[in-house]
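**Q** Any chance you could fold what I've pasted below:
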Amino acid sequence: MAGLLDGKVALVTGAATGIGAACARALAREGAVVACTSLPTDPTQQVVDEILAAGGQARVYPLNVTDPEAAARVVEQAASELGGLHILVNNAGITDDQLIIRMKPESWRRVLSVNLDGAFNVTQPAAKIMLRQREGRIISISSVVGLMGNPGQANYAASKAGIIGLTKALAKELGGRNVTVNAVAPGFIQTPMTEKLNDEQRKALLANLAIQRLGTPEDIANAVLFLAGPAGSYITGEVINVSGGLYM
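**A** Residues are numbered from 1 along each chain as shown. Sure, this is the predicted structure:
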C-alpha cells in the first residue's frame, strides 16, 4: 500500500527523543526517507533502528544546530545522498528556566541559540534546495508558550515566538516556488521536559486543559504529518495549536 510521502526525503532535527523521534517515525511510516539529526551524543541510532525494523528508511546525521557551517554541510549531504529534500522539521530545542531577574545572560543566549538560531541555520540551506526543486514543506515546532508566555520562561517564550515570526516571513518569501512554511505549537507534552513536573504541578496543569490529559509526541507528529502530506498543500504561514485547549 502506497504511503502519503513515498518518494519524499525528510530531515528532522532533534530526532533522538520525544517529539522529534515521533515525527521521524510518522514520516517514515508514510514512506519518506528520513534524515534523523541530533547531537552526536544522543541515541539517534535507536530511532533509526526502529524505523528500519518497521520497514522504513532512515539514516543518522549527527548535528549541533548551533553551528551554521555544520548545518549547511549536513543538509547538503543528506539531500545529495538521499535524493533531495522535500520536508524539513525544525524540532531541536532546549529549556533553561529561570525568572528574568535571576536569568544569566548565558542562559538567555543558549536557549535562543539552539531554538531560534538553530532553526535559521538549518532552514537557510534547506530553503535553497527546495527553491531549486520548486517544492518543499518547512514545519517548525514552536510552543503555546510563544503565543501566551509563561513565568520563568522568558528565554524559551522569546525563542518560540521568534519561530512564529520566522515562519510567517518565510511563508511569504517562499510560497511562489511551491514551498509551504508552517509551525506547530504544542502545549504540555509527555516528554523528558515535562517529566520534571511534580504531582501538584501536574494536577494544576491538567485543571487548565479542556482535554484532561497531557499530549503525546504522537499528537504533535500527526499535525506535522498533516502539514507535510498532500492535505497540507494549500496551507502556509499558519500556526497549528496542539494543546488540548490550554491556549484558545
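**Q** Can you pull out the residues in contact with the longest helix seen in the chain?
**A** Looking only at the chain and at elements set by DSSP state H, the helix with the highest residue count is helix 154-174. Outside helix 154-174, the residues that touch it by CB atoms under 8 Å, 6 or more residues apart in numbering are 90, 93, 95-97, 100, 103, 107-108, 110-112, 114-116, 119-120, 123, 127, 130-131, 136, 138, 140-143, 145-147, 149-150, 180-183, 185, 236-237, 239. For glycine as for every other residue, the C-beta is placed from the backbone atoms N, C-alpha and C.
**Q** Would you tell me what the next helix or strand after that helix is?
**A** Proceeding N to C from helix 154-174, the next assigned helix or strand is strand 179-186, under DSSP states H and E.
**Q** Kindly calculate the angle that that next one makes with helix 154-174.
**A** Angle between the axes of strand 179-186 and helix 154-174 is 160 degrees (criterion: axes from the mean of the first three to the mean of the last three CA atoms, to 10 degrees).
**Q** Start at 29, not 1
**A** All right, first residue 29 from here; so that's strand 207-214.
**Q** partners of strand 207-214, with directions?
**A** Strand 207-214 sits in its sheet next to strand 164-169 (parallel), strand 267-270 (parallel), going by DSSP bridges.
**Q** Return the alpha-carbon coordinates of it using CSV.
**A** Extracted in CSV, the C-alpha atoms of strand 207-214 (Å, rounded to 0.1, in the frame of the first residue of the first chain):
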residue,chain,number,x,y,z
VAL,A,207,7.3,25.8,-0.6
THR,A,208,5.0,26.0,2.3
VAL,A,209,6.1,27.1,5.8
ASN,A,210,4.1,26.4,8.9
ALA,A,211,4.6,26.0,12.7
VAL,A,212,3.1,23.6,15.2
ALA,A,213,2.6,24.9,18.7
PRO,A,214,2.4,22.1,21.3
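**Q** contacting residues for the residue nearest in space to the middle of the chain?
**A** Taking CA atoms, centre = their mean as the criterion, residue 119 is the residue nearest the geometric centre of the chain, at 2.4 Å. Listed by CB under 8 Å, 6+ apart, the contact set of residue 119 reads 40, 41, 42, 43, 47, 48, 51, 168, 169.
**Q** can we see that at 7 Å?
**A** If a contact means CB atoms under 7 Å, 6 or more residues apart in numbering, then residue 119 has 40, 41, 42, 47, 48, 51, 169 as its contacts.
**Q** can you count the residues close to residue 254?
**A** Residue 254 is flanked by 17 other residues according to other CB atoms under 10 Å.
**Q** just the one 10 residues further on next, same as before
**A** Other residues within reach of residue 264 by the criterion other CB under 10 Å amount to 21.
**Q** is it true that it touches residue 203?
**A** Yes: proximity of residue 264 to residue 203 meets the contact threshold set by CB atoms under 7 Å, at 5.5 Å.
**Q** how about the strands paired with strand 207-214 in CSV, adding mean pLDDT?
**A** As requested, these are arranged in CSV below (pLDDT from 0 to 100):
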stretch, mean pLDDT
strand 164-169, 98
strand 267-270, 98
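**Q** among these, which is the most enclosed?
**A** The highest average neighbour count among the strands paired with strand 207-214, using mean count of other CB atoms under 10 Å, belongs to strand 164-169 at a mean of 26.
**Q** Shouldn't residue 88 be within a strand?
**A** Yes: if the criterion is DSSP: H, G, I helix; E, B strand; the rest coil, then residue 88 is within a strand.
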